Every structure is written in structure tokens, then in C-alpha cells.
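[1] Predicted coordinates and the sequence they were generated for:
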Amino acid sequence: SFTTSNDLSLDGNYNTITWTTALGDRVAVYKENNGVYGYIGATEGASFKDQNILEDLTNTPPKAQNPFAAAGDYPSTLGFHEQRLFFGRSRNHPNGVWATQTADFENMDYSSPAKGDDALSFAIVGKKVNAINSLVSSSSLLALTSDSVVSVTGGTDNAIGPDGHILPKKQSGYRGSTRVSAQEIDEVVFYEPKRGKGVRALNYTFEIDGYRSDDVSLFSSHYFEDDEIVRWAYQADPYSCMWVVMASGKLLCFTWERSQEVWGWTENVTDGLYEDVAVIDENGESRVYVIVRRTIAGVERRFYERMSLSPQSKDDLTTVCPLDCSVYYNYETPQDYVEGLYYLEGATVRAYADGFEYPDLTVVGGRVTLPVEATEVFVGLPFECSITTLPMPLASDKGAAHTNRQTGRSLVLRTLNSRGLEARISGTSDEFWEPLPERDGADAPSDIPARGVKDFEVPLSAHWEDGTRYDIRQARSMPAHILALFPEPDVSDR
């Protein structure tokens, strides 16, 4: 600060403040009045001329603060909302929330009286300690706590700021939230409840002028029994999917299409345990990365793997990767071997070469030998995909037939760019697996089947049971995409 003596009430008198050190690109100047400093102007130079400028006592100098200066005050939750970076949950203040200045994510300064873009802080108060577990930006700021879900809004313009009202409002009946960060998809917030198992969805509804919570894992609750979420990540394209890593090492896939009111869960199992997942946008598509702990030839290793593009993203089915922990080679000259496989030394692997599979190959000296020469080659660990349908609610001329014994004569599958599928009636032995025809009359036996949507009928061996279910699997390392199933069942009279 600078102190000068001069009578500025006389015409022509003025004070000039000059400094020699660089104070920044733009320097704000404040003048004291009865112990309070008010703003009188700013300059980009090294001096400022005061010609009896009246100080603005509503615009005082900012006061620096660091609410996270000491151990016990470090925040553990953060999120962006309305151009501010919000922090939550320190050890000393588990229900505390702090926010930076607007569009200045490292600035916690404040003023007195408060300005609209000042840093701010508040607490979520309730009957129980509301430890902040997630902060999510939706139509309001959602604070998912250990006890409940709280929406935080501002004053009349709904903006949260230190110069207006900060209005936390509890959204009742939400069972609290775990420390797993909530995910927002299509204005819907997904979170893992602290009390209970599964995944719940928060969605604003006009009927109650608030947020309603729905259990989106209700029909797949068995996936969450004695298990919990470790990490999840959202893949927007080519399909709307949430990839969820469980503590047991499983990888779940939650397909969510809000516009179609469609959602469902799928379990993914590999020769190892999933530990982490992330989604990164690359070349216009969302690519899924996972960390997998595998034991290869008795040695435990962690692998960083990237899921392949979907068959619908490929023009050539020979470049679709149907293997885990795999590598891809594109040779200019056809080769009958693949090298550089030391990470799979001693493992039994499978090759997908020029659109055909070659199983039961062993890696020796970092190398496998192919039975044929090929140009496009994948080598990796095989896996199997399977689907079992639910019993069908059939009817007969005597009414409902769900208690009558049923069987299936045949099954029509509508597929897209698929090969190697098999089907059977559930409950039958492995000898009753029926392969799906790969080709129609336009395909030569030595050619890879043409891409596109195809309908194939699979005749099935009769197996009478109380409710007919169908098994479909892909045990071969080939692409498979099922669009629809058209069963043809028989129902007995009793």
C-alpha cells in the first residue's frame, strides 16, 4: 500500500502512484476510507493518477485464502458446475463444499462485501453426517452423500454464488451413495447406493419437481450379490454402454438407450481378473481400455488392453478382432508364423487369419506357426459368448400354456455381419448344438460370407420341458451380432 498527503478537494490537485516492479498485466487500485478500501480504477502501466476519484466501497480488494492448506483439509471429491470447480469432503469437514472463482479454477479469493464471481463455501447439514461422495453437474448441482442426495441451487436466477442464496434441498429416499463417482448420461445420473446393491438412476421429473431414483439393476441383481463396483466408464459410441469393473474381477456392460427406453446388463468374463477401465475418444469413436490381471504359464502379469472396434465399424470382416489379449499384424507378404508373442509365452492361443480361425496354437520362443500363410492375422486368447433366452409366455386354444410342457422345432436368427454361431434348446447336452449356416447361395465355400443382415433357420432337436428356452453361443473366434430371434415352439396339451 502507498500513503500520500495532499488536499484533493482543491481543483487541479492530484496524486500519482508509481511503482517500479512488475505487478501484472493489469493492476487494480483501491483507496482507503475509514479503514475500508474501495476501487478507484485500474491501469496496465507502471503508474496511476488519482484526481480525487470517489472510491467504490462495494468493490473491495480480494482476500486470498487457501482452505486446503493443511493435512486434514485436503478435499477428496471434485466436479465442475456453472464454470466453477467444486471440491467436497475433507477429513476435518466431511460435509463441506468449496468452489473456486468463476472460470478461474485455481483462485479461491473472496471479497467483502461479496462479489458474484467470488469463491464460496457451504456445508450440507442433516440429521446425520452427510459426507460428500460425489458432485455432479445436472440441472442443479447434485451432492451425493453417504446419507442422501441433495440438489443445490442458487437464488432467483438459480445460479450458485456467494452474493445470493445457496439452497441445498434433500431429495428423499435415495439410500445414500458410495465413494464410486457418479456418472451422468443423457441428463440421468447413475450411482451405486450405499444401502443396498446394484445401480440406481436419478432423473428430474416435473410431476414431483425433483429427482426420482429408479433401480436399473432390478432384473440383474444377481450380478451384484456379494460384490461391489470398483470403477466404471461410459462409452458413447458406437453403442451407449457403461463398462463396470467389479471387486470380484468381473466386467459388466450396461447398455442404455434412453430414447428407446431400453437397458440391460451383460457379464464379461476373461481368462483373468479385470481391475480398471477407462474410455478415451479416438478418431471419432469411444475406445475402451482395461487393466487385466492374468496368469500366463504360471506367471502373474497385468495387461493394458484396448477393446477392438465393433464389426459395424469395419468394412472388412478379416480385420475384426475376436480375441482377448491379442496382437494384430498386417503383412505385405503372406506369412505362416507370428513373432513377438513373448508376453504369451507357454500359453495356448488362437489365431484369426484372413477371416478364418486356427485354434490350439502354443507360443514357444515368442512365436506361433500358422497352418496357412496369411496377411491379416490376430493372435490371442479365445473366449466364448453365450445367450440364454427367458421362457416364453405361450398360449394355446385352451388359454394360457405357461404350465404346459413345451419344445422348439426350430429357431430363426436375424444376424448382422456374423459367423460361427450355434443354437440349441436349453437343457440338452453339447451334442445337440446346431451350427448356424454361414453362407447363402451367393457365397462360395472358400469365400468369407458377405456382410449384411441375414436370416438363418436352425432346426433343433426336440426337448420337452415346462418352459422352452434357447441357448445361442459363439465358441469360435469370429464376429457375431444378433439382431432378433424368431422361435417356433410346440406346446403340449398338458
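    Happy to help now that I have it.
[2] For the spatially closest residue to L120 that is not a sequence neighbour, the count of nearby residues, please.
    Leaving aside its sequence neighbours, L120 sits nearest to P162 (CB to CB, 6 or more residues apart in numbering; 4.1 Å). (Glycine included, C-beta is placed from N, CA and C.) The number of residues packed near P162 is 20, by other CB atoms under 10 Å.
[3] Would you confirm that P162 contacts F122?
    No - taking contacts as CB atoms under 8 Å, P162 lies outside contact range of F122: 9.2 Å.
[4] Now do the phi/psi pair for Y74.
    For Y74, the backbone dihedrals (degrees, to the nearest 10) come out as phi -70, psi 130.
[5] any idea which helix or strand comes after the helix or strand containing F303?
    Assessed by DSSP states H and E, F303 sits inside strand 299-306. Counting by DSSP H and E, the next helix or strand C-terminal to strand 299-306 is strand 324-339.
[6] now the angle between strand 324-339 and the helix or strand immediately after that next one in the chain, please.
    Next helix or strand after strand 324-339 toward the C-terminus (DSSP H and E): strand 348-353. Orientation check (axes from the mean of the first three to the mean of the last three CA atoms, to 10 degrees): strand 348-353 against strand 324-339 gives 80 degrees.
[7] so after the lowest-mean-pLDDT helix or strand in the chain, what's the next helix or strand?
    Within the chain, no helix or strand scores below strand 399-400, which has a mean of 58 by mean pLDDT, DSSP states H and E. Next along the chain after strand 399-400, taking DSSP H and E as the criterion, comes strand 406-416.
[8] Name the surrounding residues that touch that next one.
    Here strand 406-416 makes contact (CB atoms under 8 Å, 6 or more residues apart in numbering) with 311-312, 391-392, 394, 421, 423, 425, 436, 452-460, 462-468, 470, 472, 480-492.
[9] Quick one: buried ones out of the residues you listed?
    311, 392, 394, 421, 423, 425, 436, 454, 456, 458, 460, 463, 467-468, 470, 472, 480, 482, 487, 489, 491 (16 or more other CB atoms under 10 Å).
[10] Mind checking which of those land in strands?
    By the criterion of DSSP state E, membership of the buried ones among the contacts of strand 406-416 in strands covers A423, I425, K454, F456, V458, Y470, I472, I482, P487, P489, V491.
[11] Serialize the residues you listed to JSON lines and add fields for distance to N59 and pLDDT.
    Shown next, in JSON lines, are these (distance: CB to CB, whole Å; pLDDT from 0 to 100):
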{"residue": "A423", "distance to N59": "75", "pLDDT": "88"}
{"residue": "I425", "distance to N59": "79", "pLDDT": "83"}
{"residue": "K454", "distance to N59": "72", "pLDDT": "85"}
{"residue": "F456", "distance to N59": "76", "pLDDT": "83"}
{"residue": "V458", "distance to N59": "78", "pLDDT": "82"}
{"residue": "Y470", "distance to N59": "73", "pLDDT": "86"}
{"residue": "I472", "distance to N59": "70", "pLDDT": "92"}
{"residue": "I482", "distance to N59": "66", "pLDDT": "88"}
{"residue": "P487", "distance to N59": "75", "pLDDT": "83"}
{"residue": "P489", "distance to N59": "79", "pLDDT": "76"}
{"residue": "V491", "distance to N59": "82", "pLDDT": "71"}
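[12] Touching, L135 and V149? I think so.
    No - checked against CB under 8 Å, the pair L135 and V149 is beyond contact range at 11.4 Å.
[13] shared neighbours, these two?
    With CB under 8 Å, 6+ apart, L135 and V149 have common neighbours L142, A143.
[14] Between these two, point out the one with more neighbours.
    More crowded of L135 and V149, by other CB under 10 Å: V149, with 29 against 25.
[15] Provide a list of residues in contact with that one.
    L142, A143, K170, Q171, Y174, S177, L202, Y211, S213.
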